[in-house]
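Enquirer: what follows is a predicted structure for the sequence shown.
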Amino acid sequence: MIAATPTPPYYAVIFTSERTSVDDGYGEMADRMVELAEQQSGYLGHESARDGLGITVSYWESLDAIRNWKQNTEHLFAQKKGREDWYASYKTRICKVERDYGFEK
């Protein structure tokens, strides 16, 4: 589902990852992170896809909201677990969205 975002400007956090073969609760943690992110001040929505390479884009009102999310205690634990077990590699990019447009039938 395409996230319903407000009129720009707002921010996007693009998280691209390659998984290891270790599962060990990954799906449950991913679901919990979505649930927790949705409760954070400044969260606007997200989009995610995985077909070998995983890409999740979350949208935020401000850089402060992104910093607060990054420092959330449960999120910090998930980040640590990801580095130790779940990800072979990942990259996080933070972008300011200055313009967006779309099409819908």
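Expert: Thanks, I have it.
Enquirer: element containing the residue nearest to the spatial centre of the chain, please.
Expert: The chain has residue 58 as the residue nearest its centroid, 4.3 Å off, counting by C-alpha atoms, centre = their mean. Here residue 58, judged by DSSP states H and E, is contained in strand 53-60.
Enquirer: cool, and residue 34?
Expert: helix 26-38.
Enquirer: return the set of buried residues in the strand holding residue 58.
Expert: Residues of strand 53-60 classed as buried: 54, 56-60 (neighbour count, 16 or more other C-beta atoms under 10 Å). C-beta here means a position set from N, CA and C on the backbone, and glycine is covered the same way.
Enquirer: what pairs with that strand, and is each one parallel or antiparallel?
Expert: strand 10-19 (antiparallel), strand 43-51 (antiparallel) (DSSP bridges).
Enquirer: output the last one as PDB, nothing but the C-alphas.
Expert: Spelled out, that is strand 43-51. Output in PDB follows, covering the C-alpha atoms of strand 43-51 (Å, rounded to 0.1, in the frame of the first residue of the first chain):
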ATOM      1  CA  TYR A  43       5.600   9.400  12.000                       C
ATOM      2  CA  LEU A  44       3.700   9.800   8.700                       C
ATOM      3  CA  GLY A  45       3.600   6.300   7.200                       C
ATOM      4  CA  HIS A  46       5.800   3.700   5.500                       C
ATOM      5  CA  GLU A  47       6.200   1.400   2.500                       C
ATOM      6  CA  SER A  48       8.100  -1.900   2.400                       C
ATOM      7  CA  ALA A  49       9.000  -4.600  -0.100                       C
ATOM      8  CA  ARG A  50      11.300  -7.600   0.000                       C
ATOM      9  CA  ASP A  51      12.300  -9.800  -2.900                       C
END
